[in-house]
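J.: Pasting a predicted model and its sequence here:
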Number of protein chains: 2
Amino acid sequence: MIKFRPVVFVTGILLSIMAIAMIIPAIVDAAAGHPDWRVFATSSALSLSIGISMVLATNATWTAFSLREAFVITNLAWLTIAIAGAIPLAFSELELSITDAFFESMSGITTTGSTIIVGLDETPPGILLWRGILQWLGGIGIIVMAVAILPILQVGGMQMFRVEAFEADKVLPKAAQIAAAIAIFYVFITIGAAIVLSLLGMSGFDAVVHAMTSIATGGFSTYDASIGHFQDPKIHWAISAFMVLGSIPFILYLRVIRGDFKSLIKDSQVKTFLIILGLSIALITYWLIADNGYSFATALRLSAFNVISLMTGSGFTTADYGMWGGFALALLFILMFVGGCAGSTTCGIKIFRLQVLYSTAEAQLNRLIQPNGIFFPTYNGNPIPENVSDSVMSFFFLFAVSFVLLAVGLGFSGLDFITAVSGAATAIANVGPGLGETIGPAGNFQPLPDSAKWLMSAGMLLGRLELFTIMVMILPRFWRG
Amino acid sequence: MIKFRPVVFVTGILLSIMAIAMIIPAIVDAAAGHPDWRVFATSSALSLSIGISMVLATNATWTAFSLREAFVITNLAWLTIAIAGAIPLAFSELELSITDAFFESMSGITTTGSTIIVGLDETPPGILLWRGILQWLGGIGIIVMAVAILPILQVGGMQMFRVEAFEADKVLPKAAQIAAAIAIFYVFITIGAAIVLSLLGMSGFDAVVHAMTSIATGGFSTYDASIGHFQDPKIHWAISAFMVLGSIPFILYLRVIRGDFKSLIKDSQVKTFLIILGLSIALITYWLIADNGYSFATALRLSAFNVISLMTGSGFTTADYGMWGGFALALLFILMFVGGCAGSTTCGIKIFRLQVLYSTAEAQLNRLIQPNGIFFPTYNGNPIPENVSDSVMSFFFLFAVSFVLLAVGLGFSGLDFITAVSGAATAIANVGPGLGETIGPAGNFQPLPDSAKWLMSAGMLLGRLELFTIMVMILPRFWRG
Ligand SMILES: [K+]
Ligand SMILES: [K+]
């Protein structure tokens, strides 16, 4: 039996945090003289009263919770936050439908960044800030989950990061301490990014929002043209850097702060991430010069920004890469699935899984030549435990199946081929923009039918929670035991 | 060290078989009074003299060969046959370039069916017959390999079919015997199909060619409009049935002939194949009625034919499914990867691998809820050995990687996004047509640049030999030992 007391308690606490966060856009809208401040204030009061009632009702008399309860809590928590985040959007002067408000909120907290708002340049500041806050909270939420929860749940090979974080690391021994340290670092790195962006000429407001959504590899902007709105190449390079910073395992930053530079430099996941990134940038730079006739400096800047943005799943754009030709499009489309490092704000398959898959396949091929030979796949120099490679390979298969089913479902809801396929990819990998005229880098998700928006919202959550966390709940065994 | 004596011997025998096969189109062209008969006769004489020299030079003094030699023989044999098959095409009155002749021949023997010949309706009969023979030989070649060679090489989980075929089966104990029995059955089922097609109104020539290319799930036709050339729905249904027959493990037919109907009916791979096929046909029939306004009978016929053709990787067409809308396109595109059963003439990932992947993922998810529980993935009611599921999962990963690299490579050769992506899929899954205006069901591969044709030829061979057979040769260990 699943006890619902801890589920209610944790969800109540998270609702209360959301309520407190809503006060910020309320203040900003009030200061700007915008009537939406009432919406945020009311939503905040509503969320806070529900949240506190939930906490009080459960009285905190429970202690530990079971694995099953952990899965239920995780899924319900993200769903509740998405719903809470949608409330001010639905009642604001934008007058979004329930579907649109939920889609935008889910796209926010999962750090996806697909938007249904047309005319961001004229959207009231409270809403723009709230979208940034949603992504920023989603970003820290997923880092903490990746460090503290997913390894224990053994989701898709994340158990590999359990030992590293909690046992081998003697200076920061406890989950709560590590989580708190990461959160503090997350705040500081965001402040740092905001300062850099404002020094480069952004308004304070734009600097804060873009700092939040680039560190979170979220991709919400305050302009329809995304980062293309800003002319200064230095801004493009700065945001490129912040997206890369958001894609590195945050636990490694804590080690660097303690003087342990080696663990960052020697980490094979980080190395592989940077190699794939560098190679892809070089290839597309070459292509933009050879095929599209750009100068080297322009080609490099366009290539670096958009490769980083799509591979890290940020989803900012500075150009309509839909016009870059088959090679660039095919490569960018594939990079959308890759993602960044585990323990960062990125989504997608993630680098360590590709490393595990590659090493396992290599061992497998070697076994064909020497059937009696013993070949272990390795990660970061250590043999990969059998259960980790099984878990990662199953993740890869289920990722492919989810993508395929979502694409077919989106086709059934009436989307054309390229919109359905790229929409499924961008949702499940939490990237943001898709391909094609409707949802491509120059497009918007507004015109999609409601059924497609709900399907994509579900896809975003599924991808963000690394598939397994949600999929276990489909098993009959989950509800039986 | 790899001894090249057995490699030369086997290749010599296969070249001689090709030479004998070339006599047939020579006779047909001579009877039709077409000058190309000289090309076939000369090609035959050339191939036969080289083939016999190779056999005589090696003197058949070798006995067994090593695993490494088996890989080299397999790869070289297919490559040699593709080259031999290209000779008459290159020197015929069609005056194909070397690239085009090799592409067409490789597309033939791998049973892919992508064609670079425009104007099939006016192409001399010898060439049309030769294309059919290439696919037909490719079909029986792959069945025999799947029964006799791939399980021993342990390629991509095929070891699962070793026990079943050679040990549990006491009536047909030996590889050569089974291979011969399958080949005889293959001849008879092709003759049966040809008789049915000629009774339905096809000319004798068309009936023979289409019987050969539908049992081989090859897809070469004698008309540019493919099966759409024939108006009679009965012909569409008959060819649908032959494509399905070509997608069942041929070893099961031998059992049925011996009165053992159960092994066909109870085979979980066959059941799953028919379920996926039936569901997909039903969904697309519904879609064609609801979205495109077809009558039920027309929708069912169009859906059944084209779903069967793409899922089995045959690649015949009766309609331009590119006009069927996003849902149909997305589903058909995904079915191209699925393929039929192992031990048949189909390519793609194949049904048994999807069953193994599904069962492994399910066991994995169950383990998340009960970490101390013991969950075995099963296939056909038996637990799947660890090495099989590892092998299948690595196959799936390498299939995805090959597809992705081929798509990016095709993009680099200048193809647009949809042509590059669908071209990679259709090559590696040996389907035939792609999507889009160039290589879609109404298109042709002629306009592609040479580099794309060579890349696709490589992709076809890689897919046909189940990836592993070729990929092991990339490992340093292969050449070291
Ligand atoms: K994003
Ligand atoms: K085919």
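T.: Great, that's in hand. Numbering: from 1, shown residues only, chains lettered A, B, ... in the order given. Ligands and ions are numbered 1, 2, ... in the order given.

J.: Stretch A:142-160 and ligand 1 in contact?
T.: No. No part of stretch A:142-160 sits near ligand 1 under the criterion Cβ under 5 Å from the ion; the closest distance found is 11.4 Å. The C-beta positions use only the backbone N, C-alpha and C, and glycine is treated the same way.

J.: mind checking how far that stretch is from the chain centre?
T.: Computed by Cα atoms, centre = their mean, to the nearest Å, the separation of stretch A:142-160 from the middle of its chain amounts to 15 Å.

J.: Stretch A:5-18 now?
T.: 22 Å.

J.: Okay, A:Lys278 and ligand 1: tell me how far apart.
T.: To be clear, residue A:278 is Gly; Lys isn't right here. 21 Å (Cβ to the ion, to the nearest Å).

J.: What of A:Val155?
T.: Taking Cβ to the ion, one finds A:Val155 at 20 Å from ligand 1.

J.: Now that residue: phi and psi?
T.: In terms of degrees, to the nearest 10, the main-chain angles of A:Val155 are phi -80, psi 110.

J.: list the contacts for the residue nearest to it when sequence neighbours are not counted?
T.: Distances taken as Cβ to Cβ, 6 or more residues apart in numbering or on different chains place A:Phe468 nearest to A:Val155, at 4.3 Å, with adjacent residues excluded. Neighbour list for A:Phe468: A:Leu153, A:Val155, A:Gly156, A:Phe395, A:Leu398, B:Leu365, B:Leu368 [criterion: Cβ atoms under 8 Å, 6 or more residues apart in numbering or on different chains].

J.: Which members of these are the farthest-apart pair?
T.: Using Cβ to Cβ, the two most remote members of the contacts of A:Phe468 are A:Leu153 and A:Leu398, lying 14.9 Å apart.

J.: contacting residues for A:Gly315?
T.: A:Gly315 touches A:Thr112, A:Gly113, A:Ser114, A:Gly218, A:Gly219, A:Ser309, A:Thr426, A:Val431, A:Gly432, A:Pro433, counting by Cβ under 8 Å, 6+ apart.

J.: again, only using 10 Å
T.: Going by Cβ atoms under 10 Å, 6 or more residues apart in numbering or on different chains, A:Gly315 touches A:107, A:111-115, A:213, A:217-221, A:226, A:243, A:309, A:336, A:426, A:429-434, A:441.

J.: A:Phe230 and A:Tyr223 touch, don't they?
T.: Yes. Using Cβ atoms under 10 Å, A:Phe230 makes contact with A:Tyr223 at a distance of 8.3 Å.

J.: Of the two, which one has the most company?
T.: Looking at A:Phe230 and A:Tyr223 with other Cβ atoms under 10 Å in any protein chain shown, you find the greater number of neighbours at A:Phe230, namely 22 against 15.

J.: Find residues that contact each of A:Phe230 and A:Tyr223.
T.: By Cβ under 10 Å, 6+ apart, the residues touching both A:Phe230 and A:Tyr223 are A:Asp206, A:His210.

J.: all helices of the stretch 51-200 of chain A, in order?
T.: A:67-91, A:98-109, A:125-148, A:150-153, A:160-166, A:175-199 (DSSP state H, counting those that start in this stretch).

J.: Over to the stretch 201-350 of chain A?
T.: So, for the stretch 201-350 of chain A - with DSSP H, counting those that start in this stretch - the helices run A:204-215, A:233-245, A:250-257, A:262-265, A:268-290, A:296-311, A:326-338.

J.: Reformat those helices as TSV; add distance to B:Tyr321.
T.: Compiled in TSV, the helices of the stretch 201-350 of chain A are given as follows (distance: least, Cβ to Cβ, whole Å):
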stretch	distance to B:Tyr321
helix A:204-215	41
helix A:233-245	40
helix A:250-257	47
helix A:262-265	51
helix A:268-290	31
helix A:296-311	30
helix A:326-338	22
